[in-house]
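K.L.:
sequence? don't have it. structure:
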(Lines give C-alpha, C1' and ligand atoms only; values in the text may rest on other atoms or scores of the structure.)
Protein backbone atom coordinates (compact mmCIF):
# COMPACT_ATOMS: atom_id res chain seq x y z
CA UNK A 1 0.00 0.00 0.00
CA UNK A 2 1.40 3.43 -0.84
CA UNK A 3 2.41 5.67 2.01
CA UNK A 4 0.45 8.81 2.70
CA UNK A 5 -2.90 7.27 1.71
CA UNK A 6 -5.61 8.23 4.19
CA UNK A 7 -7.52 5.28 5.64
CA UNK A 8 -10.96 6.14 6.91
CA UNK A 9 -11.49 5.00 10.52
CA UNK A 10 -8.28 2.95 10.59
CA UNK A 11 -8.81 1.76 14.17
CA UNK A 12 -12.19 0.20 13.41
CA UNK A 13 -10.86 -1.22 10.14
CA UNK A 14 -8.03 -2.91 12.07
CA UNK A 15 -10.44 -4.17 14.76
CA UNK A 16 -12.74 -5.69 12.12
CA UNK A 17 -9.77 -7.30 10.38
CA UNK A 18 -8.70 -8.87 13.68
CA UNK A 19 -12.19 -10.25 14.24
CA UNK A 20 -12.24 -11.81 10.76
CA UNK A 21 -8.88 -13.49 11.43
CA UNK A 22 -10.03 -14.80 14.82
CA UNK A 23 -13.24 -16.23 13.37
CA UNK A 24 -11.61 -17.72 10.28
CA UNK A 25 -8.20 -18.90 11.54
CA UNK A 26 -8.25 -18.77 15.35
CA UNK A 27 -6.12 -16.88 17.87
CA UNK A 28 -2.79 -18.41 16.79
CA UNK A 29 -3.12 -16.66 13.43
CA UNK A 30 -3.60 -13.22 14.99
CA UNK A 31 -0.43 -11.23 14.32
CA UNK A 32 0.15 -7.60 13.52
CA UNK A 33 1.13 -8.54 9.95
CA UNK A 34 -2.01 -10.66 9.52
CA UNK A 35 -4.21 -7.84 10.83
CA UNK A 36 -2.73 -5.17 8.58
CA UNK A 37 -2.77 -7.48 5.56
CA UNK A 38 -6.42 -8.35 6.21
CA UNK A 39 -7.22 -4.64 6.66
CA UNK A 40 -5.41 -3.81 3.43
CA UNK A 41 -3.01 -1.33 4.98
CA UNK A 42 0.67 -0.96 5.77
CA UNK A 43 1.97 -2.38 9.06
CA UNK A 44 2.91 1.13 10.13
CA UNK A 45 -0.77 2.08 10.30
CA UNK A 46 -1.26 -0.20 13.30
CA UNK A 47 1.77 1.29 15.04
CA UNK A 48 0.64 4.82 14.27
CA UNK A 49 -2.59 4.22 16.21
CA UNK A 50 -1.34 1.88 18.96
CA UNK A 51 1.88 1.76 20.98
CA UNK A 52 2.41 -1.91 20.08
CA UNK A 53 0.46 -5.04 19.21
CA UNK A 54 -0.35 -5.73 22.87
CA UNK A 55 -1.90 -2.25 23.16
CA UNK A 56 -3.90 -2.98 20.01
CA UNK A 57 -5.24 -6.21 21.53
CA UNK A 58 -6.16 -4.47 24.81
CA UNK A 59 -8.08 -1.76 22.96
CA UNK A 60 -9.76 -4.34 20.70
CA UNK A 61 -11.07 -6.22 23.74
CA UNK A 62 -12.13 -3.01 25.51
CA UNK A 63 -13.94 -1.77 22.40
CA UNK A 64 -15.80 -5.02 21.93
CA UNK A 65 -16.75 -5.20 25.64
CA UNK A 66 -18.18 -1.68 25.39
CA UNK A 67 -20.15 -2.75 22.32
CA UNK A 68 -21.56 -5.77 24.16
CA UNK A 69 -22.47 -3.57 27.16
CA UNK A 70 -24.42 -1.28 24.83
CA UNK A 71 -26.21 -4.24 23.27
CA UNK A 72 -27.01 -5.67 26.71
CA UNK A 73 -28.52 -2.35 27.80
CA UNK A 74 -30.66 -2.25 24.65
CA UNK A 75 -31.81 -5.80 25.33
CA UNK A 76 -32.78 -4.91 28.92
CA UNK A 77 -34.65 -1.84 27.65
CA UNK A 78 -36.61 -3.96 25.19
CA UNK A 79 -38.00 -6.22 27.92
CA UNK A 80 -41.77 -6.29 27.74
CA UNK A 81 -41.92 -5.11 24.13
CA UNK A 82 -42.54 -7.43 21.21
CA UNK A 83 -42.25 -11.18 21.48
CA UNK A 84 -39.50 -13.03 23.28
CA UNK A 85 -38.53 -14.79 20.06
CA UNK A 86 -38.25 -11.53 18.11
CA UNK A 87 -36.28 -9.82 20.89
CA UNK A 88 -33.81 -12.71 21.21
CA UNK A 89 -33.48 -13.03 17.44
CA UNK A 90 -32.61 -9.37 17.19
CA UNK A 91 -30.11 -9.58 20.06
CA UNK A 92 -28.38 -12.64 18.63
CA UNK A 93 -28.24 -11.14 15.16
CA UNK A 94 -26.57 -8.03 16.60
CA UNK A 95 -23.95 -10.14 18.40
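P.N.:
Nice, I can see it. From a predicted model like this one, the values you see are computed outputs, not experimental measurements. Numbering: from 1, shown residues only.
K.L.:
wait, what's in contact with residue 85?
P.N.:
By C-beta atoms under 8 Å, 6 or more residues apart in numbering, the contact set of residue 85 is empty. Backbone N, C-alpha and C define where each C-beta goes, glycine included.
K.L.:
and it, what element?
P.N.:
helix 84-94 (DSSP states H and E).
K.L.:
show me how far that helix is from its chain's centre.
P.N.:
Here helix 84-94 is found 21 Å from its chain centre; the criterion is C-alpha atoms, centre = their mean, to the nearest Å.
K.L.:
show the average pLDDT along that helix.
P.N.:
On average, the pLDDT along helix 84-94 is 75.
K.L.:
now the residue in the chain sticking out farthest from the centre, what's its secondary structure?
P.N.:
The outermost residue of the chain relative to its centre, with distances by C-alpha atoms, centre = their mean, is residue 80 at 30.3 Å. Under DSSP: H, G, I helix; E, B strand; the rest coil, the three-state class of residue 80 is coil.
K.L.:
list the buried ones in the longest helix seen in the chain?
P.N.:
Looking across the chain with DSSP state H, the single longest helix is helix 53-77. Neighbour-count burial for helix 53-77, counted by 16 or more other C-beta atoms under 10 Å, picks out 56, 59, 60, 75.
K.L.:
I'd like those residues laid out as JSON lines, including distance to residue 25 and pLDDT.
P.N.:
Output for the buried residues of helix 53-77, formatted as JSON lines (distance: C-beta to C-beta, whole Å; pLDDT from 0 to 100):
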{"residue": "56", "distance to residue 25": "17", "pLDDT": "97"}
{"residue": "59", "distance to residue 25": "21", "pLDDT": "96"}
{"residue": "60", "distance to residue 25": "16", "pLDDT": "96"}
{"residue": "75", "distance to residue 25": "30", "pLDDT": "80"}
